[in-house]
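> Sequence and predicted model, in that order:
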There are 2 protein chains.
Amino acid sequence: MDVKRRMNDRFKDLEGGLFSAVTKADVGEGVGNFLAAGGANMAWADPFYPDPSVPESAKKAMMEALESGTVSHYVMPIGDLALRKALAEKISRRTGLPIDPSRNVIVSPGSDSGLLFSMMPFIEEGDEIMIPDPSYPSNFLNAKLLGAKAVPVPLYEEDGYQPRMEEFEKRLTPKTKMVLISHPNNPTTTVFRKEKLEELAAFIVKNDLILVSDQAFEDHIYDGIEFAAPCTLPGMWERTLTVCSISKGLGLSGFRIGYIYADDHIMDVLYGAAVNVLGASNTLASIGAVAAVRDEAFLKSNYERLLRRRDLAYEILSEIPGVTMKPSESGILSWLNVSALGTSAEVADYIRDHANIMVNQGTPYGAQGEGHIRIVTACFANDEEAAGRFRDIKRALTELAKEKGIC
Amino acid sequence: MDVKRRMNDRFKDLEGGLFSAVTKADVGEGVGNFLAAGGANMAWADPFYPDPSVPESAKKAMMEALESGTVSHYVMPIGDLALRKALAEKISRRTGLPIDPSRNVIVSPGSDSGLLFSMMPFIEEGDEIMIPDPSYPSNFLNAKLLGAKAVPVPLYEEDGYQPRMEEFEKRLTPKTKMVLISHPNNPTTTVFRKEKLEELAAFIVKNDLILVSDQAFEDHIYDGIEFAAPCTLPGMWERTLTVCSISKGLGLSGFRIGYIYADDHIMDVLYGAAVNVLGASNTLASIGAVAAVRDEAFLKSNYERLLRRRDLAYEILSEIPGVTMKPSESGILSWLNVSALGTSAEVADYIRDHANIMVNQGTPYGAQGEGHIRIVTACFANDEEAAGRFRDIKRALTELAKEKGIC
């Protein structure tokens, strides 16, 4: 029996690496095998990976809870109330919005499932979703998995990857239902500027669209750039789902705690499907997350470490012949234009083969990702160790530049 | 703006309790509020709730991992390899099937999201899914959320809730795509007998259907009843997705570790969408789960405790005037026919109001659930405490029976 015959068109062509090689670093067993063979993974957006980074505050709260033995039990499918309270306070502080932990917040086991869940109530077969290109690969695939058409809207390097509204305007059709952004943008680290977001918001309101705003990287914005949450812009609260997590900002990816916040008319529907789509989030991690979210000293120290790391990455990587890049505007990533050295696949493979480091090809992030690579420059706790890897990459790509006659 | 106008028909009528009361015990804030007011929750399928029940083996492994501080980091979206190995061994031991941890197993953050994920690759708008009635409420709603039509297939109390094949046969249409069973069945605790499953398997193979078998309760089967995994029956391996968890069998609901096992042609597709649909499972819980799954002494002691509890529940609850029930065939639940006392809602409300205990109404489990209630009789670690609650329920319902003139 060919079981794919009974599958739908959304899923049946997916490949998980069992019958042919896949290049995405988060699919199948690929990274695991690479690590087992002694390689270094700088392809997962997981700050300080693989080194210790659980804050003492969370560790203490979790040790006590684990000792008590009651973390075997469920929290509510919409999320532990203490955690929703801590998150509501954080969101209110940041946005100025009055967030009710029992009406506006839902916890998800990581923001990936939260992202898909936030799209599910809206998407019908044939709907179109506008997605900036480049952006997070799942944004494009999620559209397909829900039966929609992903409509990539190019961002241009010469614009600093800020959106051009005419690119949205000219792709609008009667089937357009949603705009889906990662803000700050993954992989470019771009913080969409408030005036650009205001234009985008006006477009969304005018055309009666829904916005899903993936803000996984919102916690670390550099150089005094203003971060505006789209849900705070005129007319947007009632039509925006904001998806966040503690993976990047708190460096707690392994906890699998994400959250969505939105108007209660939207949230009522998510609450009604929570047990079906999400189940519930991990109880012990919820306890740790409450402590970490409230740990101001930890948040401050993480910010300082990541800012320092951003500078260090730029300092070393921007000197590579044939590479152009800008200092990252946010987060834990660096986005390199390597088009002078080869395709994104060629350059990533070269780094893998000559520096034993896995980085991300740019192409899974969209057509605009060709000629680029993404490096998770926040990997490794120790700056010197990270710098060593940056120099390994520099050394390898300098070789490649010589082969190409660039230097 | 009425945001529901932009939602699809699958989701827009869902209610999460924010604008009207909902009765399902896992929706919204309902149970939390009831607990905060001093009530007892025997409506969540969470063994020994709310008492300590993490085994020492898992606690020790988790303490060490937490102390190391590296549990902040991701495991692979398809699941931690050590956990997949432990699960593959368990599945192989139970089924006799050769299970490859890198080709046949995927870990999900609990079996709820695993259940939905296992259906997603197959379901197209308008497909029909045959679902025994009564069964787990999510089975029916999941069909709707994916755009399919749930086709309830009645099980009858007088058959001991074993399937009647003619009820399947007469509901078959060209749109039938899938059969979805909970086995053992939730809420009836029924272990579908091997000869019945063979008939069902023949029907599924003959009509080229897919089977999703939710086996969340498979770990505790009583009275020497044989448990057959449908995927082991002729022609079924290539078309069956088996969904399990450690929530019921190991009593570790709060860990949120579920898993799916299937043929690698199915699994390749699930691996390809894992990061989108699941994200990844919790790292620390994965470490704890490896220890718990391999802890034979813990599994044995849990089994003995739950068997004793099953007997205790039957002894007390079956004596209630107006109640008929059978000893549970499996798991942690008791299923009571209370139709002589009122509707399922009336009786559940009466228990809530007169015994301060939340139990499940039968109706969310399907039309055949009317006149029944489900009680999670494995709640509370201590048998005497549980017995006290059973007696509270008995006392309340005996009152009700008197009101109704039954005794």
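Ah, there it is.
> can you count the residues close to the residue nearest to residue A:366 when sequence neighbours are not counted?
Nearest residue to residue A:366 in three dimensions, chain neighbours excluded: residue A:133, at 3.4 Å (C-beta to C-beta, 6 or more residues apart in numbering or on different chains). Glycine gets a C-beta too; all of them are placed from N, C-alpha and C. Residues near residue A:133, counting by other C-beta atoms under 10 Å in any protein chain shown, number 19.
> wait, doesn't residue A:133 sit right on residue A:157?
No. Counting by C-beta atoms under 8 Å, residue A:133 sits too far from residue A:157 to count as a contact (11.9 Å).
> joint contacts of those two?
Taking C-beta atoms under 8 Å, 6 or more residues apart in numbering or on different chains as the contact rule, the neighbours common to residue A:133 and residue A:157 are residue A:368.
> if we can go back for a sec, please report how far the residue nearest to residue A:366 lies from chain B.
In this structure, residue A:133 and chain B are separated by 17 Å, where distance is defined by C-beta to the nearest C-beta, to the nearest Å.
> Kindly report the same for residue A:313.
Using C-beta to the nearest C-beta, which is the criterion applied here, residue A:313 is 19 Å from chain B.
> and what of residue A:57?
Here residue A:57 is placed at a distance of 12 Å from chain B (C-beta to the nearest C-beta).
> list the buried ones in stretch A:220-239?
Buried residues in stretch A:220-239, counting neighbours by 16 or more other C-beta atoms under 10 Å in any protein chain shown, are found at A:220-222, A:227-233, A:236-237, A:239.
> among the residues you listed, which are in reach of chain B?
Checked against chain B using C-beta under 8 Å from any C-beta of the partner chain, the buried residues of stretch A:220-239 give the following subset in range: residue A:239.
> which two in the buried residues of stretch A:220-239 are spaced the farthest apart?
Within these, two members stand farthest from each other by C-beta to C-beta: A:222 and A:239, at 29.7 Å.
> how about the strands of the stretch 301-407 of chain A, start to end?
Ranges of strands within the stretch 301-407 of chain A are A:334-337, A:357-358, A:360-361, A:372-375, based on DSSP state E, counting those that start in this stretch.
> Now the residue of the stretch 301-407 of chain A found nearest chain B. Nearest residue, chain neighbours left out?
When distances are taken as C-beta to the nearest C-beta, the stretch 301-407 of chain A approaches chain B most closely through residue A:381, which lies 9.3 Å from it. In this structure, residue A:381 finds its nearest non-sequential neighbour in residue A:51, 3.5 Å apart by C-beta to C-beta, 6+ apart.
> For the residue of the stretch 251-400 of chain A found nearest chain B, what is the enclosing helix or strand?
Taking C-beta to the nearest C-beta as the measure, the point where the stretch 251-400 of chain A comes nearest chain B is residue A:271, at 2.4 Å. With secondary structure defined by DSSP states H and E, residue A:271 is part of helix A:264-277.
> Following the chain onward from that helix, which element is next?
Once the chain leaves helix A:264-277, the following helix or strand, as judged by DSSP H and E, is helix A:283-293.
> Is chain B within reach of that following helix?
Yes. With C-beta under 8 Å from any C-beta as the criterion, chain B is reached by helix A:283-293 at A:283, A:284, A:285.
> Now rank those residues by neighbours and give me the top one.
Of those, residue A:285 is surrounded by the most neighbours, 33 neighbours in total, counting by other C-beta under 10 Å.
> Go ahead and confirm it touches residue A:256.
Yes. Using C-beta under 8 Å, residue A:285 is in contact with residue A:256, at 6.3 Å.
> Show me which residues of the stretch 101-250 of chain A sit near chain B.
Looking at chain B, the residues of the stretch 101-250 of chain A close enough under C-beta under 8 Å from any C-beta are A:102-103, A:109-113, A:116, A:120-125, A:138, A:141-142, A:145, A:147, A:177, A:208-210, A:235, A:238-239.
> Let me see the contact set for residue A:76.
Per C-beta under 8 Å, 6+ apart, neighbours of residue A:76: A:280, B:26, B:28, B:29, B:31, B:32.
> same thing with residue A:252?
For residue A:252, the set of contacting residues under the criterion of C-beta under 8 Å, 6+ apart consists of A:53, A:54, A:58, A:246, A:285, A:288, A:289, A:292, B:72.
> pLDDT score assigned to it?
In the prediction, the pLDDT value recorded for residue A:252 is 97.
> Next, residue A:152: secondary structure please.
Local secondary structure at residue A:152 is given as strand here, using DSSP: H, G, I helix; E, B strand; the rest coil.
> picking that back up, pretty sure the residue of the stretch 301-407 of chain A closest to chain B contacts residue A:48?
Yes. The pair residue A:381 / residue A:48 is scored as a contact, 4.6 Å apart, by C-beta under 8 Å.
> Chain A - how does it break down into domains?
Under the assignment automatic domain parsing, the domains of chain A span A:3-53+A:297-403, A:56-293.
> want to throw the ones you listed into JSON lines with distance to residue B:395?
As requested, those are exported to JSON lines (distance: least, C-beta to C-beta, whole Å):
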{"stretch": "domain A:3-53+A:297-403", "distance to residue B:395": "51"}
{"stretch": "domain A:56-293", "distance to residue B:395": "27"}
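> looking at the ones you listed, which is buried most?
Among the domains of chain A, ranked by average contacts under mean count of other C-beta atoms under 10 Å in any protein chain shown, first place goes to domain A:56-293 (a mean of 22).
> Identify the residue spatially nearest to residue A:263, adjacent ones excluded.
In this structure, residue A:263 finds its nearest non-sequential neighbour in residue A:238, 5.1 Å apart by C-beta to C-beta, 6+ apart.
> my guess is that neighbour contacts residue B:4, does it?
No. Here residue A:238 lies out of contact with residue B:4, judged by C-beta under 8 Å, at a distance of 11.1 Å.
> overlap in contacts of the two?
Taking C-beta under 8 Å, 6+ apart as the criterion, residue A:238 and residue B:4 both touch residue A:265.
> if we can go back for a sec, hey, what's in contact with both of residue A:285 and residue A:256?
Both residue A:285 and residue A:256 are contacted by residue B:282, under the criterion C-beta under 8 Å, 6+ apart.
> Torsion angles phi and psi at the residue of the stretch 301-407 of chain A closest to chain B?
Its backbone dihedrals place residue A:381 at phi -70, psi -30, with angles given as degrees, to the nearest 10.
> show me the residues around it that make contact.
For residue A:381, the set of contacting residues under the criterion of C-beta under 8 Å, 6+ apart consists of A:48, A:51, A:52, A:53.
> Understood, closing this out.
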